[in-house]
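*Asks:* Quick one, structure for this:
(one chain, ligands or ions: 2)
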Amino acid sequence: METNQLILALSKGRIFEDTVPLLAEAGITVTENPETSRKLILPTNDPNVRVIIVRATDVPTYVQHGAADFGVAGKDVLLEHGGEGLYQPIDLEIAKCRMSVAVKAGFDYANAVHPGARLRVATKFIETARQHFASKGVHVDLIKLYGSMELAPLVGLSDAIVDVVSTGSTLRANNLVEVEEIMEISSRLVVNQAALKLKRERLQPILEAFARAANRS
Ligand code: PRT
Ligand code: MG
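*Replies:* Ligands and ions are numbered 1, 2, ... in the order given. Below is the predicted model of the structure:
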């Protein structure tokens, strides 16, 4: 392991955008724009720090295996991954949203979730959904989807969905209503456990800068 080289795993879009100000606090500027560049390894103003661009759900995997030293991932993604091999020192309070249950307008959810009932739930977040309904004593048939969850209740694939919601406009546009909030979601810094020991000197100032910036916002 090259101990002075650092690789940070980020996903494009809101996580990248919300991490830029945190990097600035650490004196790091990403010198290429992931939205326009085709590169998956982006340079920064620090020759020893590079950013890799991966799918949001793949960030914990890259960090767990040490292909990236650290990364930023949503709590939703971390709960599904399980967090193995990851040290999670800071809630960055970015990319905030909530994990919720939604159903088609008019569906009688309260009546459908009495203990002993059976509900069909479509979601990308199988583990979170399983735990949530188990804690309520509701039996669920979980249907794994990879996107466009909002469609499932509209075409009769499921009774409900479990998805992340921020403004709620996607639900409204599809005639769905949020019937239960499962938890608040924000993104966390995740660090490879071996890198934390072997690269402590390089990582520590960056982690401190991230914590400072996160506490201010
Ligand atoms: O897009 P891709 O399939 O590659 O992966 P992803 O959707 O997991 O990645 P990305 O970049 O969209 O989200 C990264 C992280 O941002 C997630 O893991 C969440 O922790 C967080 N986050 C915050 C959100 C949202 N807000 C959010 N609104 N992730 C997804 N959404 C979706 C929401 O499900 C809806 O479909 O965005 C759509 C718009 O939301 P509304 O409620 O504002 O209409
Ligand atoms: Mg997305």
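*Asks:* if you skip the residues just before and after it, what's nearest to Leu171?
*Replies:* Ala102 (5.3 Å; Cβ to Cβ, 6 or more residues apart in numbering). From N, CA and C alone the C-beta is placed, and that goes for glycine too.
*Asks:* Check for me that that neighbour belongs to a helix.
*Replies:* No - Ala102 is assigned strand when assessed by DSSP: H, G, I helix; E, B strand; the rest coil, not a helix.
*Asks:* I'd say it and Glu178 touch.
*Replies:* Yes - taking Cβ atoms under 8 Å as the definition, Ala102 is a contact partner of Glu178 at 5.0 Å.
*Asks:* which one of those two has more residues nearby?
*Replies:* With other Cβ atoms under 10 Å as the criterion, Ala102 and Glu178 differ in neighbour count, and Ala102 comes out ahead with 25 against 15.
*Asks:* ok now do that one, which residues does it touch?
*Replies:* Glu150, Pro153, Ala160, Ile161, Asp163, Val165, Leu171, Leu176, Val177, Glu178, Val179 (Cβ atoms under 8 Å, 6 or more residues apart in numbering).
*Asks:* try His139
*Replies:* Gly116, Ala117, Arg118, Leu119, Phe133.
*Asks:* go with 10 Å
*Replies:* Under the criterion of Cβ atoms under 10 Å, 6 or more residues apart in numbering, the contact list for His139 reads Val113, Pro115, Gly116, Ala117, Arg118, Leu119, Phe133.
*Asks:* give me the low-pLDDT residue ranges for this structure?
*Replies:* Along the chain, segments meeting pLDDT under 70 span 1.
*Asks:* Domain ranges for it, per the record?
*Replies:* 6-96+186-216, 97-184 (automatic domain parsing).
*Asks:* can you map out the strands along this structure?
*Replies:* 6-10, 41-43, 49-53, 70-74, 86-104, 118-123, 139-144, 160-165, 176-192 (DSSP state E).
*Asks:* So for the chain, the centremost residue is which one?
*Replies:* The residue lying closest to the centre of the chain (Cα atoms, centre = their mean) is Gly74, at 2.2 Å.
*Asks:* pretty sure that residue contacts Leu10?
*Replies:* No - the pair Gly74 and Leu10 does not pass the contact test of Cβ atoms under 10 Å, sitting 11.8 Å apart.
*Asks:* For these two, list the residues in contact with both.
*Replies:* The overlap between the contact sets of Gly74 and Leu10 (Cβ under 10 Å, 6+ apart) consists of Ala56, Val59, Ser187.
*Asks:* Those also near ligand 1: which ones?
*Replies:* Counting by Cβ under 6 Å from any ligand atom, Ala56, Ser187 from those sit close to ligand 1.
*Asks:* Please identify, among the shared contacts of Gly74 and Leu10, the one with the most neighbours.
*Replies:* Sorting these by how many neighbours each has (other Cβ under 10 Å) puts Ser187 first, at 30 neighbours.
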